[in-house]
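Novice: here is my input, please return the structure:
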Amino acid sequence: YCPKQTHQRETAMAMNRIQFQAGLSLPAFLAQFGTDEQCADALEASRWPQGFSCPGCGNANYYLLKVGKHKTFQCKCCRLQTSLIAGTLFQSTHLPLSIWFLAIYLISQAKTGLSALDLKRQLGVSYPTAWLIQQKLMQAMVERDAKYTLCGNVQADDAYLGGELAGGKAGRGSENKVPFVAAISFNSEGRPLYIKMALIPGFTRKAVFDWASADLAPGCIVTSDGLGCFAGVTDAGCQHRAIVADGRKPKDLPEFNWINTVLGNLKTSLGGAYHAFDFAKYGTRYLGAFVYRFNRRFHLEALPLRLFVAAATIGPRPARWLRQAEESF
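Specialist: Numbering: from 1, shown residues only. You can find the predicted model right below:
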């Protein structure tokens, strides 16, 4: 124990504006969204910022009906009835909206992720219900970030979800290892801006081309450790700069400190919160949740509201659809 060194570390931490954000406290959140009525008003404002508009004819005049737990709007023109939760991630739910909003708060504020088991305990619902809420909200995160691409200077690296199985194949051939690509963009000062992570079928030039076409802006400059598959970024209209390890492991190269730090944080998050899950089937969502929180790390206070808006606009994602395997590559 060294008091001087400890003080230096604490001082350095105090200067980290990301770590020491005020964020949105639980009391402050409950003051805004603690009742079903408050949540319903927020959902209505999110769906129709300019006031109700009939999805059938666009008319703004309606009757408000009392049907079930949630508001139902009946258009005065075409008589179409529209539930407040219809066409949202909350469609067909039997849970109070306040439970959904609390789940959004808990998941968005959990720096290292939140397991379905922890969510079950905090919401007071069954495990299957907590798992479904978690998967739906992570899917909203994935689809929200799919709208954006990385641009400018980008670092990319290959990585795996999962480890080797006892008695199974070793190394890259392990049956339990699911390959994915991680990338990070930088500002003009070399500080990290945004990240992208995506499962791929294998480390081939074609797979990297498909990934780059979806997640990178044409013309960006991609730096990698020289693994042959990353030549695929040039096929997607990007520039490629390979830094050869020259006898060292890529993780030991100072040029890749940031991407290695992000991957280390991902490993800590997944290992600490989830322990194990079906990497190939659900990996996209767990990666997407990590990416979503990282990309909004400067706006911790607004993160719950942003996730709520994503949930309100994504559309229904039924349980059967969520349980299906990832699309084949």
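
Novice: how much space separates A198 from A146?
Specialist: 10 Å (Cβ to Cβ, to the nearest Å). From N, CA and C alone the C-beta is placed, and that goes for glycine too.

Novice: looking at those two, which one has more neighbours?
Specialist: The neighbour comparison of A198 against A146 (other Cβ atoms under 10 Å) goes to A198, with 22 against 13.

Novice: wait, that one touches L161, no?
Specialist: No: using Cβ atoms under 8 Å, A198 is not in contact with L161; the gap is 11.4 Å.

Novice: tell me, what's touching those two both at once?
Specialist: Shared contacts of A198 and L161 (Cβ atoms under 8 Å, 6 or more residues apart in numbering): 180, 287.

Novice: average pLDDT for stretch 93-106?
Specialist: What stretch 93-106 shows for mean pLDDT is 96.

Novice: neighbouring contacts of it?
Specialist: With Cβ under 8 Å, 6+ apart, stretch 93-106 has contacts from 24, 26, 29, 33-36, 38-40, 42-43, 69-70, 85, 90, 114, 119, 122-123, 125, 129, 133-134, 137, 304, 307-308, 311.

Novice: do the same with stretch 182-195
Specialist: Residues beyond stretch 182-195 that count as contacts (Cβ under 8 Å, 6+ apart) turn out to be 148, 150-157, 159, 196-197, 215-216, 220, 222, 258-259, 262-263, 266, 291, 294-295.

Novice: repeat the analysis, applying 6 Å as the threshold.
Specialist: Here stretch 182-195 makes contact (Cβ atoms under 6 Å, 6 or more residues apart in numbering) with 150, 152-157, 159, 196-197, 258-259, 262-263, 291, 294-295.

Novice: please apply the same query to stretch 287-305.
Specialist: Contacts for stretch 287-305 (Cβ under 6 Å, 6+ apart): 18, 21, 23-24, 104-105, 108, 138, 141-142, 145, 194-195, 197, 266, 269.

Novice: next one: the one helix or strand G288 maps to to chain centre, how far?
Specialist: Using DSSP states H and E, G288 sits in helix 279-295. How far helix 279-295 lies from its chain's middle: 5 Å, per Cα atoms, centre = their mean, to the nearest Å.

Novice: after that helix comes which helix or strand?
Specialist: Going down the chain from helix 279-295, the next helix or strand is helix 303-313, by DSSP H and E.

Novice: shaky segments in the stretch 101-250 of the chain?
Specialist: For the stretch 101-250 of the chain, the stretches with pLDDT under 70 are 163-176, 245-250.

Novice: ok, now with 80
Specialist: 111-112, 162-176, 244-250 (pLDDT under 80).

Novice: related to what we said a few turns ago, so which of the contacts of stretch 182-195 sit within helices?
Specialist: The members of those that map onto helices under DSSP state H are 258-259, 262-263, 291, 294-295.

Novice: in strands only, show me the contacts of stretch 287-305.
Specialist: Applying DSSP state E to the contacts of stretch 287-305, the entries found in strands are 194-195, 197.

Novice: ok so, going back, where do the contact lists of A198 and A146 overlap?
Specialist: Taking Cβ under 6 Å, 6+ apart as the contact criterion, no residue touches both A198 and A146.

Novice: all strands of the stretch 1-150 of the chain, in order?
Specialist: Remark: strands assigned in the stretch 1-150 of the chain by DSSP state E, counting those that start in this stretch are 62-67, 70-75, 81-83.

Novice: give me the contacts around the first one.
Specialist: The contact list for strand 62-67, computed with Cβ under 6 Å, 6+ apart, reads 52, 72-76.

Novice: and that strand, which strands flank it?
Specialist: strand 70-75 (antiparallel) (DSSP bridges).

Novice: contact partners of the partner strand?
Specialist: 52, 54, 59, 62-63, 65, 81-85.

Novice: please convert those residues to a markdown table, extending it with neighbour count and pLDDT.
Specialist: Formatted as a markdown table, these follow (neighbours: other Cβ atoms under 10 Å; pLDDT from 0 to 100):
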| residue | neighbour count | pLDDT |
| --- | --- | --- |
| F52 | 18 | 93 |
| C54 | 20 | 94 |
| N59 | 14 | 94 |
| Y62 | 19 | 95 |
| Y63 | 11 | 95 |
| L65 | 13 | 92 |
| Q81 | 15 | 94 |
| T82 | 20 | 93 |
| S83 | 18 | 93 |
| L84 | 23 | 94 |
| I85 | 23 | 95 |
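
Novice: looking at those residues, which is nearest L227?
Specialist: For these, the residue nearest L227 by Cβ to Cβ is I85; the value is 46.2 Å.

Novice: list the contacts of the closest one.
Specialist: 70, 91.

Novice: could you do S269 as well?
Specialist: Counting by Cβ under 6 Å, 6+ apart, S269 has contacts 112-113, 290.
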